[in-house]
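Student: No sequence on hand, only this structure:
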């Protein structure tokens, strides 16, 4: 294991930062892996950009929007909720109207809501936020490298992701991007960031040219992320997105033949997270058999969707027709046996 | 990669929790790996146990005591500092007197101060804290599994460590222990824990029998920790501690022959972190050559000791006479060339 200040490792870190910036499509700002899972990246974005008493408008259409609200409250700020039923988007017009009315300091959107399989439209709300002087935080945990994420073009100010979704690296790091407006807000804070561990002012000095020690970087995880980013670069973003879409379409078609129904309307379905209503009386039993007999793990429903939906991931290396066919074969075999 | 709710992984997690409890020597309470580095464990202990306005007495004899003060302040609590020069312990009587005078809600001690190589006596201060109704938080980042840590016998209420020190696992997790008094304080809080990511009330539900999803556990890191804990168990704690002491004594003897002087008085020297004053005009140059020509990394001085001391780690797998001899040989070779 090399040290976290070893020149050999710092060269890898430089490359990871450059590749993350390309992946987020951020031109000018900070891109780095936070030393924690996607939820740590979520908390990092919010506690660095919010101060006590700030108002944050949160688009809540699933578990991860709820989590944002919980973190906003714990930062001493006030969440203003705009909601949709689980499985539906929040219509952009409704978000824009709320943003113009409330003029919040921050707007948080979940691009790919992992609990529902919904792709939330981002651009209109982000533009409206910028127009009222607010900052936009985008949750890209499940979308990054599986579908288009355009930090600069979409007027995003801060975004975070996870390594274990479409990057197909182990869980444990949260790729994060902070644009110039977010960095300026951070520099102008009146109070210190409540988390020392997640203080991007301090963390940025290690990831900047100074390489000032903050905490020990999780070296082996960053090597894993580097390898994952290398695979993304070799494939190319557009072919990678197309591969995710193709696998998704084959999965939905195959599942519909087996009696599954998609939870989400077609235009808003995520390719990498397929929320479907299974045709079984005992869905947990079939999921258990899939894992035990076929080595295939399917996500259970979260929150209000617990016991009702399956969440089938086709992320990164798994977004392939052969994987889809393996699952469909297993379901056909289980169906015959049931 | 198995999922973080996969039964195969949950069995590993159970085993890791049991082994961590044995390693901390905690009988009744919570032992788990926090999904972040040692500093995340430090922040977890403090933000779960402190509320705004609380007074926390902090024993500051190096960089990590300073870090504790910074986190106490960011939690809205008041740090009461008891200090010693870097390289010295804080005398137990002075700590006890301060604790009896101040009657703080929490006392934080750094068992093995990584910036100075000092082993801080713990028991007297911990007993005094318990006598005034306070909680004791112990930083065991560098000591755990390299020297005796006795959670219950020493009246500790919360402790944290790191995986990349004497456990010889990759950096990225923080083994943490919470005793019953700490869990009761957590349950009686008036305000929510300011960090959602580090909220041990929520995290404990995943690590408890419910296995309620909080954040995605860093699966591969936990497998690495399991392997490290397996190695500790096979060796046995006492032989492992003896091995660290033996390597340390050989190193100090060899270094003194080469003109190095130990920073710390003999009774308080850490075996795994040897802070020594090098006999070179340009210490950074020699450290650079050690790394480049011999593949040996020696820690630079931190804080006020920057440029003055070397911090030579003999941790976990590296605490062996062959490693000591390799370093001494390299120094002799460099000395001849200089």
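Tutor: Thanks, I have the structure now. Treat the numbers as computed from the prediction; the structure is a model and nothing was measured. Numbering: from 1, shown residues only, chains lettered A, B, ... in the order given.
Student: my read is residue A:165 is in a strand, agree?
Tutor: No. Assessed with DSSP: H, G, I helix; E, B strand; the rest coil, residue A:165 is coil; it does not lie in a strand.
Student: mind listing the strands for the stretch 101-250 of chain A?
Tutor: A:106-110, A:112-113, A:118-119, A:135-139, A:158-160, A:174-179 (DSSP state E, counting those that start in this stretch).
Student: Including mean neighbour count, mean pLDDT and distance to chain B, could those strands go into JSON lines?
Tutor: To be clear about C-beta, it is placed using only N, CA and C from the backbone, and glycine gets the same treatment. Listed next are the strands of the stretch 101-250 of chain A as JSON lines, based on neighbours: other C-beta atoms under 10 Å in any protein chain shown; pLDDT from 0 to 100; distance: least, C-beta to the nearest C-beta, whole Å:
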{"stretch": "strand A:106-110", "mean neighbour count": "29", "mean pLDDT": "98", "distance to chain B": "14"}
{"stretch": "strand A:112-113", "mean neighbour count": "30", "mean pLDDT": "97", "distance to chain B": "15"}
{"stretch": "strand A:118-119", "mean neighbour count": "24", "mean pLDDT": "98", "distance to chain B": "19"}
{"stretch": "strand A:135-139", "mean neighbour count": "27", "mean pLDDT": "98", "distance to chain B": "13"}
{"stretch": "strand A:158-160", "mean neighbour count": "28", "mean pLDDT": "98", "distance to chain B": "12"}
{"stretch": "strand A:174-179", "mean neighbour count": "28", "mean pLDDT": "98", "distance to chain B": "10"}
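Student: want to throw those strands into JSON lines with distance to residue B:119?
Tutor: Converted to JSON lines, those look like this (distance: least, C-beta to C-beta, whole Å):
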{"stretch": "strand A:106-110", "distance to residue B:119": "46"}
{"stretch": "strand A:112-113", "distance to residue B:119": "49"}
{"stretch": "strand A:118-119", "distance to residue B:119": "55"}
{"stretch": "strand A:135-139", "distance to residue B:119": "44"}
{"stretch": "strand A:158-160", "distance to residue B:119": "39"}
{"stretch": "strand A:174-179", "distance to residue B:119": "35"}
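Student: can you tell me how far residue A:196 sits from residue B:73?
Tutor: 9 Å (C-beta to C-beta, to the nearest Å).
Student: Which of those two has more residues huddled nearby?
Tutor: residue A:196 (25 against 14; other C-beta atoms under 10 Å in any protein chain shown).
Student: And stretch A:121-131, what's buried?
Tutor: Neighbour-count burial for stretch A:121-131 flags A:121-122, A:124-126, A:128-130 (criterion: 16 or more other C-beta atoms under 10 Å in any protein chain shown).
Student: How about stretch A:209-224?
Tutor: Buried residues in stretch A:209-224, counted by 16+ other C-beta under 10 Å: A:213-224.
Student: near chain B, from these?
Tutor: Among the buried residues of stretch A:209-224, the ones lying near chain B by C-beta under 8 Å from any C-beta of the partner chain are A:213-221, A:224.
Student: Next, the buried residues of stretch A:326-337.
Tutor: A:327-328, A:330-331, A:334.
Student: In terms of model confidence, name the weakest of those residues.
Tutor: Lowest pLDDT within these is found at residue A:334 (90).
Student: quick one on the thing from earlier: what is the nearest of the ones next to chain B among the buried residues of stretch A:209-224 to residue B:51?
Tutor: Using C-beta to C-beta, residue A:215 is the member of those that lies nearest residue B:51, at 24.5 Å.
Student: Test my guess that the closest one contacts residue A:34.
Tutor: No. With contact defined as C-beta atoms under 8 Å, residue A:215 does not count as touching residue A:34 (10.7 Å).
Student: picking that back up, of all pairs in the buried residues of stretch A:121-131, which one is the farthest apart?
Tutor: A:121 and A:130 (15.7 Å).
Student: Which segments of chain A make up each domain?
Tutor: Chain A breaks down by automatic domain parsing into domains covering A:7-234, A:237-337.
Student: Just confirm yes or no for the shortest one near chain B.
Tutor: Yes. Figure legend: domain A:237-337 in contact with chain B (C-beta under 8 Å from any C-beta); contacting residues A:291, A:297, A:302.
Student: Quick one: mean pLDDT over stretch A:187-205.
Tutor: The model assigns stretch A:187-205 a mean pLDDT of 97.
Student: tell me which element residue A:5 falls in.
Tutor: Per DSSP states H and E, residue A:5 falls between elements, in no helix or strand.
Student: Quick one: residues contacting the nearest residue to it once chain neighbours are set aside.
Tutor: Nearest non-adjacent residue to residue A:5, counting by C-beta to C-beta, 6 or more residues apart in numbering or on different chains: residue A:211, 6.5 Å away. With contact set as C-beta atoms under 8 Å, 6 or more residues apart in numbering or on different chains, residue A:211 has these partners: A:5, A:10, A:205.
Student: let's see 10 Å
Tutor: A:4-5, A:7, A:10, A:13, A:205 (C-beta atoms under 10 Å, 6 or more residues apart in numbering or on different chains).
Student: cool, and residue A:245?
Tutor: Counted by C-beta under 10 Å, 6+ apart, residue A:245 has contacts A:146-147, A:269, A:271-272, A:314, A:319.
Student: of all the residues you listed, which two lie farthest apart?
Tutor: Farthest pair in these, by C-beta to C-beta: A:269 and A:319, 13.7 Å.
Student: so what sits against both of those two?
Tutor: Joint contacts of residue A:269 and residue A:319 (C-beta under 10 Å, 6+ apart) are A:245, A:248.
Student: And the two? Which one has more around it.
Tutor: residue A:319 (25 against 20).
Student: What pLDDT does the model give that one?
Tutor: 98.
Student: Residue A:337 now?
Tutor: Residue A:337 is given a pLDDT of 54.
Student: Then residue A:169?
Tutor: For residue A:169, pLDDT reads 97.
Student: I'd guess residue A:81 is in a strand, am I close?
Tutor: Yes. Counting by three-state DSSP, residue A:81 is part of a strand.
Student: what's the nearest residue to it if we skip its chain neighbours?
Tutor: Per C-beta to C-beta, 6+ apart, closest to residue A:81 is residue A:60, 5.1 Å.
Student: do you know how far that neighbour is from chain B?
Tutor: Applying C-beta to the nearest C-beta, to the nearest Å, the value for residue A:60 to chain B is 15 Å.
Student: mind listing what whatever residue of the stretch 1-150 of chain A ends up closest to chain B touches?
Tutor: Here the residue of the stretch 1-150 of chain A nearest chain B is residue A:39; by C-beta to the nearest C-beta that distance is 4.1 Å. With contact taken as C-beta under 10 Å, 6+ apart, residue A:39 is in contact with A:64, A:67, A:71, A:141, A:160, A:162, A:174, B:35, B:196-197, B:214-216.
Student: Which helix or which strand is home to it?
Tutor: Assigned by DSSP H and E, residue A:39 falls in helix A:38-49.
Student: starting at the chain centroid, how far to that helix?
Tutor: 12 Å (C-alpha atoms, centre = their mean, to the nearest Å).
Student: Quick one: mean pLDDT over it.
Tutor: Per-residue pLDDT over helix A:38-49 has a mean of 98.
Student: just checking, what packs against the helix or strand just after that helix?
Tutor: Next along the chain after helix A:38-49, taking DSSP H and E as the criterion, comes strand A:55-60. Here strand A:55-60 touches helix A:38-49, helix A:63-74, strand A:78-83, helix A:92-102, strand A:106-110, helix A:123-131, strand A:135-139, going by 3 or more C-beta pairs under 10 Å, 6 or more residues apart in numbering or on different chains; DSSP states H and E.
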